[in-house]
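Participant: Model the structure of this input:
(one chain, ligands or ions: 1)
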Amino acid sequence: MGAPIVTTASITPPMTRERAEAIAAEFDLRRLPPDFLANPYPVYAVLRERDPVRTMPDGSWFLTRHADLVAVYRDAATFSSDKHVEFAPKYGTASPLYEHHTTSLVFNDPPLHTRVRQLIMGALTRRAIAELEPGLVALVDGLLDRLAARGGGDLIEDFAAAIPVEIIGNLLGVPHDERGPLRGWSLAILGALEPVLTPTQQAAGEAAVREMLDYLRGLVADRRRHPLDPQRDVLTRLIQGERDGQRLTETELLHNCIFLLNAGHETTTNLIGNALVCLHEWPQEKARLLQRLHEVRAEPQRQDEIPAAVEEFLRFESSNQLGNRRALRDTEVGGVRLPAGALVTLCIGAANRDPAVFADPERLDLDRRDNRHLAFGFGVHQCAGLSLARLEGRVAIGRFLARFPNYVLSAPPVRGGRARFRGFLRAPFRV
Ligand code: HEM
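Facilitator: Below you'll find the model as predicted:
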């Protein structure tokens, strides 16, 4: 094979130290230049070294060190996830986006957070997730068959994005022929979490919440009439509540269903898409992984190599790069005093490349062990769907590589261009 058609520089353009220092010197999440969005890591490195607990022009704080993120995640009593204060000026309190984001479990503290989380976790058991695997394998193989017949396609549209929508649809029992709008709704609603929101994005997010609420009212009414097994069906479980009467109100139920349908979409799409693009950028790692997979197939008793690789993809190109908290009292992080009310952005993408925790952090190392990345967050709000996401990543990436070990990107992939959710919109490839 000759030189690759799509070069690494056209995917992750390098940034000089000088340029990274210039962006870091004026760092403002509300004004991010395109070269930062293409490759934020050199800027994160400068911030981590020089100003790891950094004030931004709007008075909020930006954290980049792994230890500081862990400290904040651990102290949920001081660092609240409740977004009523933050989102009121952002969306306006009459906005459907405000009602949605302030009612979902991820943006709440106990007791609502605890009630909803317990209900969801009760249905996302190890067994329930393992039972999803055969259907997932069949789905992935069907997509691969179609790609093989066409000699390639788009890694995102035709593969990565086609998987989570079906898995989450199954989890909530959304009929197959009604899944079409789910991805668009999800992109619009989560897109409205970006640091800066245009009027068009806000309008699209609001329309998506309204349409999703309308749709879910019908789905919930139907499930009330025809409940499924609450051990397996998340929606039935959320409707029925636990036996001790922890029922959700209708508004809580609907908005948490919306959140569940959205939470695993773009994040998981980007895990799979980022991994397959990363392997194109790191051909030696790809070759080693393929060799390992070959050996594992010959000796099935050897541990599967894909799970460790999935953890490294999660670390290296974390699909969810930013988290947020609000200090409820005067406190201190990383030796810096924060006043009560301080808004804090947790930069997962920076923490996951912190040299204090990861050896040679700017290198994709699929052999990395003891990978304490924060891609799923940490503490009481740690991702409730992490086992499902890991399963989807393992099956999708593993089966793709087994089928198309020599896939090549046929045009430079197009990034989503967002700070919070990191991934690609398109990545054409051929086999
Ligand atoms: C690679 C895929 C995924 C990534 C990177 C990811 C990342 C995250 C992160 C960082 C959080 C914590 C937010 C915070 O602390 O503020 C979170 C929470 C959450 N995620 Fe995921 N997620 C993924 C897939 C999924 C899937 C497939 C589901 C659905 C089943 C899901 C459901 C949730 C839920 C329900 C929460 C809220 C948990 C809580 O507040 O207690 N996620 N996710």
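Participant: Every contact and neighbour count from this point should use C-alpha atoms.
Facilitator: Noted.
Participant: show me where the stretch 51-200 of the chain has helices.
Facilitator: Using DSSP state H, counting those that start in this stretch, the helices of the stretch 51-200 of the chain run over residues 66-74, 84-91, 96-103, 112-123, 126-150, 164-171, 182-191, 199-225.
Participant: helices or strands up against the last one?
Facilitator: Spelled out, it's helix 199-225. Using 3 or more Cα pairs under 8 Å, 6 or more residues apart in numbering; DSSP states H and E, the elements in contact with helix 199-225 are helix 96-103, helix 182-191, helix 234-240, helix 250-263.
Participant: These into JSON lines, with extra columns for mean pLDDT?
Facilitator: Converted to JSON lines, the helices and strands packed on helix 199-225 look like this (pLDDT from 0 to 100):
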{"stretch": "helix 96-103", "mean pLDDT": "96"}
{"stretch": "helix 182-191", "mean pLDDT": "91"}
{"stretch": "helix 234-240", "mean pLDDT": "87"}
{"stretch": "helix 250-263", "mean pLDDT": "92"}
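Participant: Quick one: name the residues of the stretch 101-250 of the chain near the ligand.
Facilitator: Leu105, Val106, Arg117 (Cα under 6 Å from any ligand atom).
Participant: how about TSV for those residues, with neighbour count and pLDDT added?
Facilitator: Shown next, in TSV, are these (neighbours: other Cα atoms under 10 Å; pLDDT from 0 to 100):
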residue	neighbour count	pLDDT
Leu105	24	96
Val106	23	97
Arg117	18	93
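Participant: Same list (these) but as a markdown table, adding distance to Cys257.
Facilitator: Formatted as a markdown table, these follow (distance: Cα to Cα, whole Å):
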| residue | distance to Cys257 |
| --- | --- |
| Leu105 | 10 |
| Val106 | 12 |
| Arg117 | 12 |
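Participant: Closest one of those residues to the ligand?
Facilitator: Checking these against the ligand with Cα to the nearest ligand atom, the nearest one is Val106 at 3.3 Å.
Participant: what secondary structure does the spatially most central residue of the chain sit in?
Facilitator: Residue closest to the average C-alpha location in the chain (Cα atoms, centre = their mean): Thr267, at 2.9 Å. Recorded secondary structure, Thr267: helix (DSSP: H, G, I helix; E, B strand; the rest coil).
Participant: Once you drop chain neighbours, what's closest to it?
Facilitator: Ser319 (5.4 Å; Cα to Cα, 6 or more residues apart in numbering).
Participant: tell me the contacts of the one you found?
Facilitator: Each residue near Ser319 by Cα atoms under 8 Å, 6 or more residues apart in numbering is listed here: Thr267, Thr268, Asn270, Leu271, Asn274, Ala375, Arg420, Phe421, Arg422, Gly423.
Participant: any chance of those residues in TSV, plus secondary structure and pLDDT?
Facilitator: Formatted as TSV, the contacts of Ser319 follow (DSSP: H, G, I helix; E, B strand; the rest coil; pLDDT from 0 to 100):
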residue	secondary structure	pLDDT
Thr267	helix	95
Thr268	helix	97
Asn270	helix	97
Leu271	helix	98
Asn274	helix	98
Ala375	coil	98
Arg420	coil	92
Phe421	strand	92
Arg422	coil	96
Gly423	coil	97
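Participant: What is the neighbour count of the closest residue to the ligand within the stretch 201-350 of the chain?
Facilitator: Scanning the stretch 201-350 of the chain for proximity to the ligand using Cα to the nearest ligand atom identifies Gly264 as nearest, at 3.3 Å. As a burial measure, Gly264 scores 21 neighbours (other Cα atoms under 10 Å).
Participant: And it, how close does it get to Arg369?
Facilitator: Distance, Gly264 to Arg369, using Cα to Cα, to the nearest Å: 25 Å.
Participant: now Leu254
Facilitator: 40 Å.
Participant: okay, these two: which has more neighbours?
Facilitator: Per other Cα under 10 Å, whichever of Leu254 and Arg369 has more neighbours is Leu254, with 26 against 12.
Participant: is it true that the more buried one touches Arg217?
Facilitator: Yes: Leu254 is within contact range of Arg217, at 7.3 Å (criterion: Cα atoms under 8 Å).
Participant: Next, see if stretch 420-431 gets close to the ligand.
Facilitator: No: using Cα under 6 Å from any ligand atom, stretch 420-431 stays clear of the ligand, with a minimum separation of 9.0 Å.
Participant: Now for Val53: which residues touch it?
Facilitator: Val53 touches Trp61, Phe62, Leu63, Thr64, Val333, Gly334, Val336, counting by Cα under 8 Å, 6+ apart.
Participant: And the pLDDT at the nearest residue to the last one once chain neighbours are set aside?
Facilitator: Looking back up the chat, that one is Val336. Excluding its sequence neighbours, the residue lying closest to Val336 (Cα to Cα, 6+ apart) is Val53, at 6.9 Å. With respect to pLDDT, Val53 scores 98.
Participant: Quick check: of the contacts of Ser319, which lies closest to Arg31?
Facilitator: Comparing those against Arg31 with Cα to Cα places Arg420 closest, at 13.5 Å.
Participant: wait, isn't the closest one in contact with Glu194?
Facilitator: Yes: with contact defined as Cα under 8 Å, Arg420 counts as touching Glu194 (6.3 Å).
Participant: Looking at these two, which one has more neighbours?
Facilitator: Each of Arg420 and Glu194 has its neighbours counted (other Cα under 10 Å); Arg420 has more, 21 against 16.
Participant: just how off-centre is stretch 323-341 within its chain?
Facilitator: In terms of Cα atoms, centre = their mean, to the nearest Å, the centre of stretch 323-341 is found 25 Å from the chain centre.
Participant: same question, stretch 6-26
Facilitator: Centroid separation between stretch 6-26 and its chain, computed with Cα atoms, centre = their mean, is 23 Å.
Participant: And it, end to end?
Facilitator: Using Cα to Cα, the end-to-end distance of stretch 6-26 comes out at 32 Å.
Participant: List the contacts of that stretch.
Facilitator: In this structure, residues lying in contact with stretch 6-26 by Cα under 8 Å, 6+ apart are 35-36, 38-39, 42-44, 46-47, 280-281, 409-413.
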